[in-house]
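> Here you go, sequence then predicted model.
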Amino acid sequence: MLKKYLWGALAGLLAAGCAGRETGGSYTVVDGTMLGTTLHIVADVRGTSAQELYASVMELDREAKASMSIFDSTSLLSRLNRNETDSVDRHIAFNLRLADSIGALSGGCYDVTVKPLVEAWGFAGKAAQAHPNIDSILTFVGRDKVRIEEGRLVKSDPRVQLDFNSVAKGYTVDLLAALVERHGARNYIVDIGGEIRCRGVNREGKAWRIGVETPFDGNMSDGRYLQRRIAMHEGGMATSGNYRRYYLDAGGRKVAHTIDPRTGRSALSRLLSVTVVAPTCAEADALGTMFLAMGTDGALEAVRKMPDAKVYFIFAGKEGGDSYEEYLSPAMERLILE
């Protein structure tokens, strides 16, 4: 059961393009960028201005990127991957523990040691290799090849590298939620690039309403095309899909950013989009990646063994074209707005 394994795993204009304002009903709104993507906060913070809140958010942004970014060559994670240090911080230690929890449910579909594969396919800041040697790379991919001992990262092979892109954004959303709570918020929604954590009610005293995008290739509309709307009073939500980050190779085949660590190749199936609601956004983020990597049959089989799971799958229609099929778990059905 999802709850058994994972519940409680996580306890004016502003500078640089961020707009903030105090609004009616004592809610403060901050919009801008964080982790290189969109930032949106609506929260009933107390005793702090939008400018002061944004300054705190930017400190968190710098801290998260300095720790967990694979795109910043100076980050702690990048230096660990290059074997320039073996000391881990609290962020990396937590994410490895959470990865183990999700990995135990995944049958090998979720693994944060996929960095060499992600890089070979061109999704880690480097150009894709024309013909990556997958069999060779797979010899140093696997969570059993890395562990933490007394605050040190121990690798069984120096070529092992970590990639937290499947969980770090969700985890940072949780840190952001904790930040607004420290500023006195009892009701809020925080959103980094579409990954969300919320609590309480909106300014109308109702549940927070969150849209799930239609997963057609290249959908960058930021909410114009929605399949469903979800009502939430508490928890995290994340959507994973292969309809934004992908390319076509020389043979016209789709190569997507979700990599199946068992095969070393893109996890492509009729399963186009996975939305997960969980107690924390980090859990939702990692579980979404896990289900997407499992593919259509594997994801359906796994989620039916998790009666408390809140998931929404969107599949390509069997007849092709622009048709879609859906699966809503019983727990998720109760959150769907008609």
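Received it, and whenever you're ready, just let me know what you need.
> C-alpha from now on. contacts and neighbour counts both.
Will do.
> Would you agree residue 170 is in contact with residue 235?
No: using CA atoms under 8 Å, residue 170 makes no contact with residue 235, being 11.5 Å away.
> On the three-state scheme, residue 318 is what?
coil (DSSP: H, G, I helix; E, B strand; the rest coil).
> what's around it, how many residues?
10 (other CA atoms under 10 Å).
> switch to numbering from 53
Sure thing, new numbering starts at 53, so read that last one as residue 370.
> Any stretches of this protein with poor pLDDT?
53-77, 176-177, 269-276, 295-299, 301-303, 372-373 (pLDDT under 70).
> Grab the most central residue of it for me.
Most central in the chain under CA atoms, centre = their mean is residue 337, positioned 3.5 Å from the mean C-alpha point.
> Which strands and helices lie in contact with whichever strand or helix holds residue 279?
Residue 279 is part of strand 278-284 when elements are defined by DSSP states H and E. Counting contacts by 3 or more CA pairs under 8 Å, 6 or more residues apart in numbering; DSSP states H and E, strand 278-284 packs against strand 260-265, strand 388-389.
> what's the most buried one of the ones you listed?
Mean neighbour count, computed with mean count of other CA atoms under 10 Å, is highest for strand 260-265 among those, reaching a mean of 20.
> Looking at the helices and strands packed on strand 278-284, spot the one closest to residue 351.
strand 260-265 (18.5 Å; CA to CA).
> Dump stretch 120-130 to CSV, restricted to CA.
The C-alpha coordinates for stretch 120-130 follow below in CSV (Å, rounded to 0.1, in the frame of the first residue of the first chain):
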residue,chain,number,x,y,z
MET,A,120,21.2,19.0,-6.5
SER,A,121,21.6,20.4,-10.0
ILE,A,122,23.1,18.3,-12.7
PHE,A,123,23.2,21.3,-15.0
ASP,A,124,25.4,23.4,-12.7
SER,A,125,29.0,22.1,-12.9
THR,A,126,29.8,23.6,-9.5
SER,A,127,26.9,21.9,-7.6
LEU,A,128,27.6,19.4,-4.9
LEU,A,129,25.9,16.7,-7.0
SER,A,130,28.1,17.4,-10.0
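> starting at the chain centroid, how far to that stretch?
Offset of stretch 120-130 from its chain centre (CA atoms, centre = their mean, to the nearest Å): 17 Å.
> Show me what that stretch is in contact with.
Stretch 120-130 is touched from outside by 117-119, 131, 140, 143-144, 176-177, 214-217, 220, with contacts defined as CA atoms under 8 Å, 6 or more residues apart in numbering.
> Over to stretch 377-389?
For stretch 377-389, contacts defined as CA under 8 Å, 6+ apart pick out 280-284, 329, 355, 359-369.
> cool, stretch 213-227 as well?
The set of residues external to stretch 213-227 that reach it, using CA under 8 Å, 6+ apart, is 87, 112, 116, 120-122, 129, 132-134, 147, 164-168, 193, 242-244, 247-249, 288, 290, 332-338, 341.
> and that stretch, C-alpha only, in CSV?
The C-alpha trace of stretch 213-227 is given here as CSV (Å, rounded to 0.1, in the frame of the first residue of the first chain):
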residue,chain,number,x,y,z
GLN,A,213,26.6,9.0,-11.3
LEU,A,214,23.4,10.3,-9.8
ASP,A,215,20.5,12.2,-11.4
PHE,A,216,17.8,13.7,-9.1
ASN,A,217,15.7,15.3,-11.8
SER,A,218,12.9,12.8,-11.0
VAL,A,219,12.6,14.0,-7.4
ALA,A,220,14.6,17.2,-6.8
LYS,A,221,11.9,19.6,-8.1
GLY,A,222,9.2,18.0,-6.1
TYR,A,223,11.5,18.0,-3.0
THR,A,224,12.2,21.7,-3.5
VAL,A,225,8.4,22.3,-3.7
ASP,A,226,8.2,20.7,-0.3
LEU,A,227,11.0,23.0,1.0
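> Before I go, just wanted to say thanks for your time.
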